[in-house]
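Peer 1: Have a look at this prediction, sequence included:
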Amino acid sequence: SPVILWFRQDLRLSDQAALAAAVHEGPVIPVYVLDDSAPRQWKMGGASRWWLHHSLKSLDEKLRSKGSRLILRRGECALELARLAQETGARRVHALRHYEPWWRNAEKAVGRELDLCLHDGGLLLPPGAVRTGSGGPYRIYTPFYRALMDQMPPAAPTPSPSRIATVARWPDGDALEDWHLLPKNPDWAVAFARDWTPGEEGARANVAAFLDEVGDYPVARDLPSREGTSRLSPHLHFGEISPAQVWNRIGKAPADATIFLKELIWRDYAHTQIWTMPAYGSENARAAFDAMPWRDLREAKTDFKAWTSGRTGYPIVDAGMRQLWATGWMHNRVRMIAASFLIKHLLIDWRHGARWFWDTLVDASYANNSVNWQWVAGSGVDANIFFRIMAPLTQSEKFDAADYIRKWVPELAHLNDHHIHDPEIHGVRPADYPSKCIGHREGRERALAAYRHGKP
Ligand code: FAD
């Protein structure tokens, strides 16, 4: 009888353990189910939907080149898969395992209806494979990293099957266009296609391009003006490439890739955290932070708007927020600066910032986004200390962000390297660029006072 291959954030054919298992068992029915209700407030954001549209299209083309195709269904996963099984006579479902709380619930629900076989492959190692001496999961990154490294390299990736046996009659499915995943009126994603090629080929191309760059990564990764990072995050998030494939290619580059692999392991670490604390995206990991007297968003509305639209008067923050809006991605160093600015200078709860990122990032990941926001806020299990407040202007100079600012804040493009980080203080702020929404010292002192008051 046929078997169902349930795709989620694993939109690839190579190093895909669920596909590899399915092809051995009979004709395969590949399916993607769009469920907007189970993730509730974590329903996929706008930028992710743009990516998903293109990635599903690319996956369908790849499947068709092997004589198969992708069936699209919309609704609750367990219900839709049970329906599909009934229509086709399939009983077994193969899928890769995922760790977001809504996927874990969906896996339980599917398992009650059908014979669900879950496989690993979304992470270097499944959460739980790396444990402390006393058997628990690691909460702190560095010991986690060391313990994971003891089990590296990951298993060699497997190639995609040369043929996929198909059913005699395909079940019905939706047309991708009818899902309306792409923005219209206005189409804010016009520039996305210039930067990104969703799908397995695009992921491979980014790996190939990065092979020449990895030697410079330890320094270049902190310089927003350079393209010194791999830009693999959305591809990894949608599973168009597995971390084992990335390790296998980049880990074997002639240049030393240690620092890069260490960053890649943050992804495994973040997924381990949401696996042990499923509410990481909505609750402070350190409950003492519940007492922080954040400003009410109604009162801070103008500041929040200035932040989201890249008009805070801090060029590095504004450049980052505009890059995010235009391309669906932001440089990591600038993500840290922009997040810190929202949380500390504007005293706005990290959850509001995380939600904005969730909607606007093409790599929006429940694990990586939540863990990094809580890292910056100081509320995470492994986190920066709240009262170490990043000075955006110093950061901007130190990491040489002048060209980056010129690119994303054209009002400032004519300023020299010395003035561009803080045009206001040098008396060269153009009339069409806003003045600072709060002074650095004022913001810093307000944040420290709030911290002392809340005593988290
Ligand atoms: P590279 O530097 O080339 O790193 C390679 C891969 O390692 C990345 O693609 C990513 O999968 C992983 N990685 C690198 N840094 C981290 C990190 N700090 N935490 C977890 N994984 C990491 N990353 C996301 O993938 N999704 C998010 O939603 C997300 N939200 C973030 C929010 C904030 C406030 C901050 C400070 C960081 C966030 N990050 C997130 C982490 C990081 O900024 C991005 O992974 C990185 O910028 C992606 O670019 P790259 O692929 O070129 O990274």
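Peer 2: Here it is on my side, so go on. Numbers count the residues shown, from 1 in each chain.
Peer 1: Show me what the longest strand along the chain packs onto, helices and strands only.
Peer 2: Using DSSP state E to define each element, the chain has its longest strand at strand 28-34. Under the contact criterion of 3 or more CB pairs under 8 Å, 6 or more residues apart in numbering; DSSP states H and E, strand 28-34 touches strand 3-7, helix 17-23, helix 46-65, strand 71-74, helix 77-88. (Each C-beta comes from the backbone N, C-alpha and C, glycine too.)
Peer 1: Distance check, the nearest residue in space to residue 295 that is not next to it in sequence against residue 126.
Peer 2: Of all residues not flanking residue 295 in the chain, residue 347 sits nearest, at 4.8 Å (CB to CB, 6 or more residues apart in numbering). To residue 126, residue 347 is 38 Å away according to CB to CB, to the nearest Å.
Peer 1: Over to residue 444?
Peer 2: Distance from residue 444 to residue 126, by CB to CB: 42 Å.
Peer 1: what do you get for residue 288?
Peer 2: In this view, residue 288 and residue 126 are 31 Å apart by CB to CB.
Peer 1: These two: which is more packed in?
Peer 2: residue 126 (18 against 12; other CB atoms under 10 Å).
Peer 1: ok, that one - contacts?
Peer 2: 97, 120 (CB atoms under 8 Å, 6 or more residues apart in numbering).
Peer 1: helix or strand for it, which one?
Peer 2: For residue 126, there is no host helix or strand (DSSP states H and E).
Peer 1: And it, how far from residue 380?
Peer 2: Using CB to CB, residue 126 is found at 22 Å from residue 380.
Peer 1: Verify the stated contact: the residue nearest to residue 295 with residue 299.
Peer 2: No - Residue 347 lies out of contact with residue 299 (CB atoms under 8 Å); the separation is 10.1 Å.
Peer 1: More neighbours: the two, which one.
Peer 2: For residue 347 versus residue 299, neighbours defined as other CB under 10 Å are more numerous around residue 347 (20 against 9).
Peer 1: Tell me the pLDDT of that one.
Peer 2: Among the per-residue scores, residue 347 shows a pLDDT of 98.
Peer 1: name the element it belongs to?
Peer 2: Going by DSSP H and E, residue 347 is not part of any helix or strand.
Peer 1: List the contacts of it.
Peer 2: Taking CB under 8 Å, 6+ apart as the contact definition, residue 347 lies against 294-295, 300, 443, 446-447, 450.
Peer 1: In helices, which of the residues you listed appear?
Peer 2: 443, 446-447, 450 (DSSP state H).
Peer 1: For those, pick the one with the most neighbours.
Peer 2: Among the ones in helices among the contacts of residue 347, the one with the most neighbours (other CB under 10 Å) is residue 443, at 22 neighbours.
Peer 1: Just the local confidence number for the nearest residue to residue 205 once chain neighbours are set aside, please.
Peer 2: Nearest residue to residue 205, sequence neighbours excluded (CB to CB, 6+ apart): residue 197, at 6.7 Å. Per-residue pLDDT puts residue 197 at 98.
Peer 1: what's the spacing between residue 219 and residue 229?
Peer 2: 12 Å.
Peer 1: likewise residue 133?
Peer 2: Distance of residue 133 to residue 229, given as CB to CB: 34 Å.
Peer 1: Of the two, give the one with the bigger neighbour count.
Peer 2: residue 229 (23 against 7).
Peer 1: if I pick residue 192, what's in contact with it?
Peer 2: Neighbours of residue 192 in contact, by CB under 8 Å, 6+ apart: 47, 50, 327-328, 362.
Peer 1: Would you quantify the distance from it to residue 445?
Peer 2: Distance from residue 192 to residue 445, by CB to CB: 40 Å.
Peer 1: Over to residue 112?
Peer 2: Distance of residue 112 to residue 445, given as CB to CB: 55 Å.
Peer 1: How many residues are close by the closest residue to residue 365 other than its chain neighbours?
Peer 2: Sequence neighbours aside, residue 237 is the residue nearest to residue 365 in space, at 4.9 Å (criterion: CB to CB, 6+ apart). Counted with other CB under 10 Å, the neighbours of residue 237 add up to 23.
Peer 1: From what I see, residue 237 and residue 8 are in contact.
Peer 2: No - applying CB under 8 Å as the test, residue 237 and residue 8 come out as separate, 11.2 Å apart.
Peer 1: what about residue 427, how many neighbours?
Peer 2: Residue 427: 7 surrounding residues under other CB under 10 Å.
Peer 1: do the same with residue 246
Peer 2: Neighbours of residue 246 (other CB under 10 Å): 26.
Peer 1: Distance of it relative to residue 54?
Peer 2: Counting by CB to CB - residue 246 and residue 54 are separated by 20 Å.
Peer 1: how about the residue lying closest to residue 392 once chain neighbours are set aside, what does it touch?
Peer 2: Once flanking residues are discounted, residue 392 sits nearest to residue 314: 4.8 Å by CB to CB, 6+ apart. Contact analysis of residue 314 by CB under 8 Å, 6+ apart lists 341, 392-393, 436.
Peer 1: export these to a markdown table and tack on secondary structure, pLDDT and distance to residue 138?
Peer 2: Formatted as a markdown table, the contacts of residue 314 follow (DSSP: H, G, I helix; E, B strand; the rest coil; pLDDT from 0 to 100; distance: CB to CB, whole Å):
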| residue | secondary structure | pLDDT | distance to residue 138 |
| --- | --- | --- | --- |
| 341 | helix | 98 | 30 |
| 392 | helix | 96 | 32 |
| 393 | helix | 96 | 36 |
| 436 | coil | 98 | 40 |
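Peer 1: Including distance to residue 367 and neighbour count, could those residues go into JSON lines?
Peer 2: Shown next, in JSON lines, are the contacts of residue 314 (distance: CB to CB, whole Å; neighbours: other CB atoms under 10 Å):
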{"residue": "341", "distance to residue 367": "23", "neighbour count": "30"}
{"residue": "392", "distance to residue 367": "26", "neighbour count": "28"}
{"residue": "393", "distance to residue 367": "31", "neighbour count": "19"}
{"residue": "436", "distance to residue 367": "34", "neighbour count": "21"}
